[in-house]
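Visitor: structure for this input, please:
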Amino acid sequence: MKRNLKIMATDGRLINIAFLNGSKVEVYLMPLILKRLTITGSTLRAQSVEFKADIGAKLKQKIWPYTEAEKNFPFIHATFSLVRALRLTGLMTSWEHISKIVLLT
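Guide: As a prediction, this is how the structure comes out:
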């Protein structure tokens with residue numbers, strides 16, 4: 001969390017959807033106040049199948065065209081084939097990555 005707050009821009013937003021090392025953290029709040037940051041979280045786990053399907057349909061309609069055109073596409077730190085997926089565990093636990101890690105099928 002400390003690293004995320006440090007690199008966030010003024011008026012930035014951090015959205016947590018999963019945790020690698022548990023959900024309890026100690027946070028120094030001064031960067032949050034000085035930069036006017038917003039921290040929020042969400043999960044689909046507790047939502048209904050219908051709710052999840054609706055989100056999927058909206059993503060396909062509104063977001064997927066941008067990713068196919070490579071507009072606003074997230075920075076990808078590394079890609080791995082499924083055969084090499086075991087190496088992914090080492091990268092994730094090293095905390096050396098700064099963005100997405102993608103498994104290719």
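Visitor: output the below-cut-off pLDDT ranges for this protein.
Guide: Scanning the chain for pLDDT under 70 picks out 69-76, 80, 83, 85-88, 92, 97-101, 103-105.
Visitor: run the last query once more with 80
Guide: Across the chain, the ranges flagged by pLDDT under 80 are 1, 18-21, 63-64, 66-105.
Visitor: and stretch 45-64, how far out from the chain's middle?
Guide: Relative to its parent chain, stretch 45-64 has a centroid offset of 17 Å by C-alpha atoms, centre = their mean, to the nearest Å.
Visitor: quick one: end-to-end distance for that stretch.
Guide: By C-alpha to C-alpha, to the nearest Å, the extent of stretch 45-64 from end to end equals 22 Å.
Visitor: how is this protein carved up into domains?
Guide: For the chain, the structural domains run 1-42, 45-73, 74-105, going by automatic domain parsing.
Visitor: how near is residue 42 to residue 24?
Guide: Computed as C-beta to C-beta, to the nearest Å, the residue 42 to residue 24 distance reads 18 Å. (Glycine included, C-beta is placed from N, CA and C.)
Visitor: make TSV from the domains of the chain and add mean neighbour count to it.
Guide: Shown next, in TSV, are the domains of the chain (neighbours: other C-beta atoms under 10 Å):
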stretch	mean neighbour count
domain 1-42	11
domain 45-73	10
domain 74-105	11
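Visitor: could you pull out the helices for the chain?
Guide: Ranges of helices within the chain are 2-7, 30-34, 49-58, 64-68, 85-94, based on DSSP state H.
Visitor: reformat the ones you listed as TSV; add distance to residue 18.
Guide: Converted to TSV, these look like this (distance: least, C-beta to C-beta, whole Å):
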stretch	distance to residue 18
helix 2-7	13
helix 30-34	21
helix 49-58	16
helix 64-68	20
helix 85-94	11
